[in-house]
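Student: pasting the sequence and the predicted model now:
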Amino acid sequence: MIYHRKNHRPDREYICDICTKSFNAQCKLQRHIVSHRTQRFVLRYECPVCAHMFHTKYHVQMHLATHQKEGLIQEENRN
């Protein structure tokens, strides 16, 4: 049961740079990254703000939130 709870903790600190999936152990992340090498990922979706490319529309939406946060911070600094 302890192992089960450990796997469902929200504080997974090892995050895949390709698909943003997270893991609680570095060895699991490394094993996951190897799986990307066997797949053909095509970057089809472009951020309309900075032209950064992503694999999915979801990742673009998540990325756009960072631009929105940056905009709010810049507005606060102007005041």
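Tutor: Cool, got the structure.
Student: helices of the chain, start to end?
Tutor: 2-7, 26-37, 57-78 (DSSP state H).
Student: what about the shortest one, average pLDDT?
Tutor: The one in question is helix 2-7. Here helix 2-7 scores 50 as its mean pLDDT.
Student: for the spatially most central residue of the chain, phi and psi?
Tutor: Per C-alpha atoms, centre = their mean, the C-alpha nearest to the average position across the chain is that of Thr20, at 3.0 Å. Torsion angles at Thr20 (phi, psi; degrees, to the nearest 10) stand at phi 70, psi 20.
Student: sorry, back to before: could you tell me the least trusted of the helices of the chain?
Tutor: helix 2-7 (a mean of 50).
Student: what does the model give the residue nearest to the centre of the chain for pLDDT?
Tutor: So Thr20 comes in at 81 (pLDDT).
Student: ok, and the closest non-adjacent residue to it?
Tutor: His59 (6.7 Å; C-beta to C-beta, 6 or more residues apart in numbering). Glycine gets a C-beta too; all of them are placed from N, C-alpha and C.
Student: hmm, the one you found is touching Tyr45, no?
Tutor: Yes. Contact status for His59 versus Tyr45: in contact at 7.1 Å, counting by C-beta atoms under 8 Å.
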